[in-house]
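Student: Provided below are the primary sequence and the corresponding predicted coordinates.
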Amino acid sequence: MRYFKLTIAYDGTDFHGWQIQPNKPTVQGEIISILRRLTQEHIHFHGAGRTDSGVHALGQVGSFKTKSGLSAQEFQRALNALLPPTIRIMEAEEVGPDFNARWSSVGKIYRYRIYRGRVVPPMLWRFVLHYPFPLDEEAMRDAAARFVGMHDFASFAASSGSEDDDRERTTEREIYSTELVRSADNEELVFTVQGRSFLRYMVRKMVGTLLDVGRGKLQAADIDKLYVLRDRSKSGPTVPPQGLFMVEVRHAEAWRVGRP
């Protein structure tokens, strides 16, 4: 048996998220379908994390095992030839048997783009939230810094859909770093966050809360209060998905084939 890691970029606009769903186009579903054609095997393809409908990726990671004799480079070429142009395999490599895209992950980086100009260029509208109104960006930066560390993010997470699961799940997460900066052309406000793992809608809720701080509806110091309240109705709104990108998934290099 051989094991492979794929690094994947996609425009999520036309997909119902990452996870395979019956009778709906998904990123995972598209890739699995082609892998099964290439190998004539019932391939299981695991992603490092789920992205919701409309969310994009620059560096999603997936893994699978196969008896196929194809090389990593042959898998990459074949997949890119057969996948829709909105999904690209950026890298493919053979890995060891203990690698799993999800469970071997040691961190993820997400980015959210807010377009601040008066008119969104047509080539950008699928990838940004348009917000041209006044914002206190310094207050937002103060608030963003308060996300760093180990906190209870219950106020920043969507329900799992099950009351029992909500009661049993842990909502503590560690955020390694945050950054809120203007883009090089000064047209976008870009929020980047790195952490070990994230709850459902967590980044989009964090951005909605930052926008409420920028609008003066909340104060930066309220972030600390929200950790204690554990009430998602008190935080900002869940912003739309199109501005969100999974930028990178980090894995330990020791999982590469040939490394000790």
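Tutor: Cool, got the structure.

Student: Please count neighbours and contacts with C-alpha atoms only from this point.
Tutor: OK.

Student: Can you report how many residues lie near Phe245?
Tutor: Phe245: 27 surrounding residues under other CA atoms under 10 Å.

Student: So which helix or strand of this protein has the lowest pLDDT on average?
Tutor: When the helices and strands of the chain are compared on mean pLDDT, DSSP states H and E, helix 163-168 comes out lowest with a mean of 52.

Student: Tell me the neighbouring strands of the next helix or strand after that helix, and mark each as parallel or antiparallel.
Tutor: Following helix 163-168 in sequence order, the next helix or strand is strand 172-182 (DSSP states H and E). Here strand 172-182 is paired, per DSSP bridges, with strand 149-152 (antiparallel), strand 188-195 (antiparallel).

Student: And what about the residue of the chain most remote from its centre, helix, strand or coil?
Tutor: When each C-alpha in the chain is compared with the mean C-alpha position (CA atoms, centre = their mean), Gly69 comes out farthest, at 31.7 Å. Following DSSP: H, G, I helix; E, B strand; the rest coil, we place Gly69 in the coil state.

Student: Distance check, it against Leu244.
Tutor: Distance of Gly69 to Leu244, computed by CA to CA, to the nearest Å: 37 Å.

Student: Now for Val193: which residues touch it?
Tutor: By CA atoms under 8 Å, 6 or more residues apart in numbering, the contact list for Val193 reads Ile109, Tyr110, Arg111, Ile175, Tyr176, Ser177, Thr178, Glu179, Val203.

Student: Recalculate using a threshold of 7 Å.
Tutor: Going by CA atoms under 7 Å, 6 or more residues apart in numbering, Val193 touches Ile109, Tyr110, Arg111, Ser177, Thr178, Glu179.

Student: and what of Val120?
Tutor: Per CA under 7 Å, 6+ apart, neighbours of Val120: His130.

Student: three-state assignment of it?
Tutor: Assigned with three-state DSSP, Val120 falls in the coil class.
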